[in-house]
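In: coords please:
(chains A, B and C)
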Amino acid sequence: MNGLGSLALYLVVVVAIVGFIMVLTHLLGERHSQRGTAVPYESGIFPTGSARIRFPSDFYLVAMFFVVFDVAAVYLFAWAVAARELGWAGYAAILVFSLETIAGLAYLWKMGAFDWGARRKREHLERHGY
Amino acid sequence: MNPVLFAIALVFGILFFAAFVIWIERRFLALVQERYGPNRVGPLGLVQVIADIIKILTKENWIPPFADKGVFVIAPMIIMVTVLASFAVIPLGPGIVASDLDVGLLFFLAMSSLAVYSVALAGWASNSKFALLGGIRAVGQMVSYEVFMGISLLGVVLQTGSFSLVAIIEAQRRLWFCVPQFVGFVVFFIAGLAETRRIPFDLPEAESELVAGYHTEYSGFKFAMFYLGEYVGITLISSMIVVLFFGGWLGPWLPPFLWFVVKTLFFVVVFVLIRGSLPRPRYDQLIGFGWKLMFPLALANLVATGGIVLALAR
Amino acid sequence: MNVSFIVAGVVAILATVMVIVQRNAVHALLYLIVSLFALAVTMFLLGAPFVAALEVIVYAGAIMVLFVFVVMMTGAESSRVEPRAWIGPSILGIVLLAELSWVLLFAPAAAGRVVGQVKGVSSKELGIALLGPYLVGVEIAAFLLLAGLVGAYHLGRRHSPPSLPKEGA
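Out: Residues are numbered from 1 along each chain as shown, chains lettered A, B, ... in the order given. A predicted model of the protein is given here:
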């Protein structure tokens, strides 16, 4: 439990300093309001429609893969710190684990989850033929 | 030394160092591009950044009426707090550390995984199309590169047998980890570039397509938080590289703290020179590069390191 | 030590209540992140720094990022839930609360531990235990993750590239 007290203290100091700067700039700053002040910046053109755009699901997939592989990495963390004590038995176990992780990655790779540009091109080709 | 005073001194020291990094970047980029860069305020333009900060403090603390106000204000503070907080576990010299945690390395990874919220929330809260596009790009990129950032460091953990950064430095007395863990170092460096959203990974704020990306609607000191946060982030990644792969404060002749600063400055300059020389890839290239090359490489490095360490231990 | 434990616990409970009452999905998620943070602090105080760090890395730093990301991507931050939809979850929640109270009140052996007297577990000990006696669990987790990966891909992908219907075919 050593270090938690000093860590908490340091975090409090960091938050206090950042908050203090924000309050300071709020007090020191000017105030103004003109014709274009309340318009979102879109390179000088008036915005049309809502700013809530929908995105292709590839982004969602990348975030999903990240969550899965991050959890897999956690087991690797637990192994790495105790690798010497666990010896070859632990190594064999983590080798199997890594191979399964790699298998997942290889599957996604083969299905084309990571080549966005190429897949778009292929889909376009198959649909339109040019 | 009083821990409160030490914490305050550390935070302001880091902020001043980051300001100095801004000066380095502007001067070096100017050198690369055959310009002068800032050279009017103070000797060699050294206090230019201080002048800029004083100026920006008096700028309007504007919150767009169309934005989600609370989240809009919190977002820039998150990046500043997370990068500054990471310094709590970084040993600047023997005994000069805010908190030598048993899980110091994990604390660094936890903080860098929280930094994603800053750009995500900034993009969302701005309620502006460019900001949202930049925010989505930033999150997609940062999460892709975060996975193997952690794994690339496990070779070091494996050789040390601890997550404590002080223990990791002490383990490098005989040989810096950049030699046995060269692959890990390269992968971590690239992941670090992506985490700080520097060229060639600056697609979230690609000015030719997205204006300023997720901080399009930010101005005044809230913008400065993002800006300064980027340079504190560069300092953080450079110090982590030094701690994990280049022996931290270890070195002959000079005092340990000075060694740490010199090594960190070296990597800061490398960061700047990379910005001056590399182009920006397409987004699909960036995603493919991360998942298809870097991730398997980091995993292979870990498995190979494990085998070699165990074989040598017998 | 007990004071910080109580503070972390109260923050966790309050933040979780805020998650339920918030209308805006992103605000609710922010409170959930705070709640997970408070849980991480609790774990740290209970002598499990490794688990505390993982709580932040996995829950706050990965899963919640995914949630925020999805809300950003779909732009669906404020959908109203009919009050009737709360009945099922509330009953289940009350059942859990009752069970927890029963454990705390009538099974003091399980709940009698006092914070600060608990022996800390270092990350090394945890690694040895996880890949020693609990090895089967780790390997099953690997299978589960693999299944999750494949499932996520097939649920989330846009088209099936090889069997795309051709125009006019």
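In: and the residue of the stretch 1-150 of chain B found nearest chain C, what pLDDT?
Out: Closest residue of the stretch 1-150 of chain B to chain C, CB to the nearest CB: B:S113 (2.8 Å). (Glycine included, C-beta is placed from N, CA and C.) pLDDT recorded at B:S113 is 88.
In: what does the one 3 residues further on give?
Out: pLDDT, the model's per-residue confidence, is 89 for B:V116.
In: the residue lying closest to it once chain neighbours are set aside: how many residues sit nearby?
Out: Setting aside the residues directly before and after it, B:V116 is nearest to B:M142 in space (CB to CB, 6 or more residues apart in numbering or on different chains), at 4.9 Å. B:M142 has 26 neighbouring residues, counting by other CB atoms under 10 Å in any protein chain shown.
In: following the helix or strand encompassing B:M142, which helix or strand comes up?
Out: Assigned by DSSP states H and E, B:M142 belongs to helix B:129-152. Using DSSP H and E, the helix or strand that directly follows helix B:129-152 along the chain is helix B:154-160.
In: and chain A, is the following helix or strand past that following helix touching that?
Out: Following helix B:154-160 in sequence order, the next helix or strand is helix B:165-170 (DSSP H and E). No - on the criterion CB under 8 Å from any CB of the partner chain, helix B:165-170 is out of touch with chain A, staying 10.4 Å away.
In: chain A: helices as residue ranges?
Out: Remark: helices assigned in chain A by DSSP state H are A:4-28, A:57-81, A:83-111, A:116-128.
In: do chain C as well
Out: C:2-21, C:25-45, C:49-54, C:64-74, C:87-106, C:108-111, C:123-130, C:135-156.
In: looking at these, which is buried most?
Out: When you average the neighbours per residue for each of the helices of chain C (mean count of other CB atoms under 10 Å in any protein chain shown), helix C:49-54 leads with a mean of 25.
In: contacts for stretch B:135-144, please.
Out: A:55, A:59, A:62-63, A:66, B:115-116, B:119-124, B:126, B:194-195, B:197, B:201, B:203-205, B:210, B:213-214, B:283, B:286-287, B:290-291, C:62, C:65, C:69, C:72-73 (CB atoms under 8 Å, 6 or more residues apart in numbering or on different chains).
In: repeat that with 6 Å
Out: Contacts to stretch B:135-144, defined as CB atoms under 6 Å, 6 or more residues apart in numbering or on different chains, come from residues A:55, A:59, A:62-63, A:66, B:116, B:119-120, B:123, B:194, B:203-204, B:214, B:287, B:290, C:69.
In: what is the helix or strand encompassing B:V269 packed up against?
Out: B:V269 is part of helix B:256-277 when elements are defined by DSSP H and E. Under the contact criterion of 3 or more CB pairs under 6 Å, 6 or more residues apart in numbering or on different chains; DSSP states H and E, helix B:256-277 touches helix B:3-32, helix B:220-245.
In: tell me the mean pLDDT for the first one?
Out: Right, helix B:3-32. Across helix B:3-32, the per-residue pLDDT values average to 88.
In: okay, buried residues for that helix please.
Out: Using 16 or more other CB atoms under 10 Å in any protein chain shown as the test for burial, helix B:3-32 gives B:6-8, B:10-11, B:14-15, B:17-28, B:30.
In: after that helix, which helix or strand is next?
Out: helix B:48-57.
In: after that next one, which helix or strand is next?
Out: helix B:69-86.
In: where among the helices of chain C is average confidence lowest?
Out: For the helices of chain C, mean pLDDT drops lowest on helix C:108-111, to a mean of 50.
In: show me how far stretch B:218-231 is from its chain's centre.
Out: On the basis of CA atoms, centre = their mean, to the nearest Å, stretch B:218-231 sits 15 Å off its chain's mean C-alpha point.
In: neighbours around the nearest residue to B:V41 once chain neighbours are set aside, how many?
Out: In this structure, B:V41 finds its nearest non-sequential neighbour in B:Q48, 4.5 Å apart by CB to CB, 6+ apart. Look at B:Q48: counted by other CB under 10 Å, it has 20 neighbours.
In: wait, doesn't B:Q48 sit right on B:R40?
Out: No - counting by CB atoms under 6 Å, B:Q48 does not reach B:R40; the two are 7.4 Å apart.
In: the helix holding B:V269 versus helix B:220-245: what angle between them?
Out: 110 degrees (axes from the mean of the first three to the mean of the last three CA atoms, to 10 degrees).
In: neighbours of the closest residue in space to B:I56 that isn't next to it in sequence, how many?
Out: Nearest residue to B:I56, sequence neighbours excluded (CB to CB, 6+ apart): B:A224, at 4.9 Å. Close neighbours of B:A224, defined as other CB under 10 Å, add up to 21.
In: got the residues of chain C near chain B?
Out: Counting by CB under 6 Å from any CB of the partner chain, the residues of chain C close to chain B are C:49-50, C:53, C:56-57, C:61, C:65, C:68-69, C:72, C:123.
In: nearest to C:L145 among those?
Out: For those, the closest approach to C:L145 (CB to CB) belongs to C:I57, at 15.5 Å.
In: just give the closest residue to the closest one, not the sequence neighbours.
Out: In space, C:I57 is closest to B:A110, 4.9 Å off (CB to CB, 6+ apart).
In: list the buried ones in stretch A:12-19?
Out: Buried residues in stretch A:12-19, defined by neighbour count with 16+ other CB under 10 Å: A:13-14, A:17-18.
In: can I get those residues in JSON lines with pLDDT and distance to chain B?
Out: Below are these laid out as JSON lines (pLDDT from 0 to 100; distance: CB to the nearest CB, whole Å):
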{"residue": "A:V13", "pLDDT": "87", "distance to chain B": "4"}
{"residue": "A:V14", "pLDDT": "88", "distance to chain B": "5"}
{"residue": "A:I17", "pLDDT": "88", "distance to chain B": "5"}
{"residue": "A:V18", "pLDDT": "88", "distance to chain B": "5"}
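In: may I see those arranged in JSON lines, with distance to A:E126 as well?
Out: Below are the buried residues of stretch A:12-19 laid out as JSON lines (distance: CB to CB, whole Å):
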{"residue": "A:V13", "distance to A:E126": "59"}
{"residue": "A:V14", "distance to A:E126": "53"}
{"residue": "A:I17", "distance to A:E126": "57"}
{"residue": "A:V18", "distance to A:E126": "52"}
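In: separation between the most centrally placed residue in chain A and chain C?
Out: Residue closest to the average C-alpha location in chain A (CA atoms, centre = their mean): A:A63, at 6.6 Å. Distance of A:A63 to chain C, given as CB to the nearest CB, to the nearest Å: 5 Å.
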